[in-house]
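Trainee: when you get a sec, could you give me coordinates for this:
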Amino acid sequence: MASKKGLGLSDTLTVNYLTRAIINSYDRQGMPKEEATHIARHVLNFFGYSDRIIDNVLEPEDRDTFYMLEDAGLLTTEREETTLYDGREWRIHYWLLRKDKIRQIVKQSEEAEASRSDVANIYEEIPADFWDMRKER
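Mentor: Below you'll find the predicted structure:
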């Protein structure tokens, strides 16, 4: 679960947290929240409470979405090789959630939002009569 300190590597990834990461990933700027939420739900339905899934469960359209999220740094792949009883090599491909990168993207977006808020609030710190003093000069 997302907390004020962020998502821990062992914490459950929520739809809202992944949505924020998708919206704020470097190549997804401007994505509508509804679309990002749809993608987050869709992806998390595959993962459930796991951080890794086997590639074989994906349809081509799903795989396209996963590749998009891989390009954004939110997912990555790995493969395992094993030897079958008849001596042939068998490769198993997996998709992994990059919780570290997801946490980093959300944290950066929160910091940028706080910074924008600080800049917007700078005028609140100026005394009301400041502008009157400037006119008198």
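
Trainee: and for T76, the neighbour number?
Mentor: Close neighbours of T76, defined as other CB atoms under 10 Å, add up to 14. For glycine as for every other residue, the C-beta is placed from the backbone atoms N, C-alpha and C.

Trainee: distance of it relative to Y67?
Mentor: T76 sits 11 Å away from Y67, going by CB to CB, to the nearest Å.

Trainee: where in this structure is pLDDT low?
Mentor: Applying pLDDT under 70 to the chain flags the ranges 1-11, 26-29, 114-125, 130-131, 133-137.

Trainee: spatially central residue in it, please.
Mentor: Ranked by distance to the mean C-alpha position of the chain (CA atoms, centre = their mean), the top residue is A21 at 2.4 Å.

Trainee: quick check: buried residues in the strand or helix carrying it?
Mentor: Element membership for A21, per DSSP states H and E: helix 15-24. The neighbour-count check on helix 15-24 (16 or more other CB atoms under 10 Å) flags 15, 17-24 as buried.

Trainee: what distance separates that helix from the centre of its chain?
Mentor: 5 Å (CA atoms, centre = their mean, to the nearest Å).

Trainee: in PDB, list the C-alpha atoms belonging to that helix.
Mentor: Extracted in PDB, the C-alpha atoms of helix 15-24 (Å, rounded to 0.1, in the frame of the first residue of the first chain):
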ATOM      1  CA  VAL A  15      -4.200   0.900  -8.800                       C
ATOM      2  CA  ASN A  16      -4.000   4.500  -7.700                       C
ATOM      3  CA  TYR A  17      -0.200   4.400  -7.100                       C
ATOM      4  CA  LEU A  18       0.500   2.700 -10.500                       C
ATOM      5  CA  THR A  19      -1.900   5.200 -12.200                       C
ATOM      6  CA  ARG A  20       0.200   8.000 -10.800                       C
ATOM      7  CA  ALA A  21       3.400   6.400 -12.000                       C
ATOM      8  CA  ILE A  22       1.900   5.800 -15.500                       C
ATOM      9  CA  ILE A  23       0.700   9.400 -15.800                       C
ATOM     10  CA  ASN A  24       4.100  10.800 -14.700                       C
END
